[in-house]
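*Asks:* When you get a sec, could you give me coordinates for this:
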Amino acid sequence: MNILETILAAQNGGTVKQMGQQLGLGDDQASSVLSALVPALAAGLQRNMQSSGGLESLIGALAKGQHSRYLDNPAALGSAIDDGNGILGHILGSKDVSRQVAARAAGQTGIDAGILKKALPLVAALMMGAMARQGGGPSLGSSLGASLGGSPQGGGLMSMLTPLLDRDRDGSMIDDVLGMLGKMGR
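*Replies:* As a prediction, the model looks like this:
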């Protein structure tokens, strides 16, 4: 299951409903927001992981962050804004980029860019929750290490990260991760 599917399915749609209520949107509009923002944030996450220490930082954040609570308990999404803004700072780097992402998503969805700017931290927190859930929480480091040789069809966090890490789109992220690690060692 990919990141978007994991979020949409969380609590039988309860997480999407909660996000929609916080933003004043219906369920279909909230799903549209997620469909527009998750790929943009995933692209930012991919760029971040390719930077020096980016993959290590993501693994550390997933292992320590308790992000899956946003998927497990939709009411927890009410306290996700600060956490989500911190995640956005790492993924997108600046408020200008966040504004551009919101404006692009507004064009795709027809939803006001101001609402989409408010949605960004919630979606970032939900993305981390989806990855943390698939990664197995505190044992993430060992599960990631054990999964590097596995196939993306095996499920779990690796099936979510493979599209982000497979830079040459050959279906395997191993060569790409090794290349990133080689660049970090220089």
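*Asks:* The nearest residue to residue 78 once chain neighbours are set aside sits in which helix or strand?
*Replies:* The shortest distance from residue 78 to any non-neighbouring residue, by C-beta to C-beta, 6 or more residues apart in numbering, is to residue 22 (6.7 Å). To be clear about C-beta, it is placed using only N, CA and C from the backbone, and glycine gets the same treatment. Taking DSSP states H and E as the definition, one finds residue 22 inside helix 14-23.
*Asks:* How is residue 93 assigned, secondary-structure-wise?
*Replies:* Judged by DSSP: H, G, I helix; E, B strand; the rest coil, the three-state class of residue 93 is coil.
*Asks:* Kindly list the main-chain dihedrals of it?
*Replies:* phi 90, psi -40 (degrees, to the nearest 10).
*Asks:* now do residue 80
*Replies:* According to degrees, to the nearest 10, residue 80 has phi -90, psi -10.
*Asks:* change the start of the numbering to 527 and stick with it
*Replies:* Noted, 527 is the first residue going forward, which turns the last one into residue 606.
*Asks:* Tell me how many other residues crowd it.
*Replies:* A count of nearby residues for residue 606, using other C-beta atoms under 10 Å, gives 24.
*Asks:* Residue 649 is in contact with that one, correct?
*Replies:* No: judged on C-beta atoms under 8 Å, residue 606 makes no contact with residue 649 at a distance of 9.5 Å.
*Asks:* okay, and for this protein, where does confidence drop off?
*Replies:* Flagging of the chain using pLDDT under 70 yields the residue ranges 527, 661-712.
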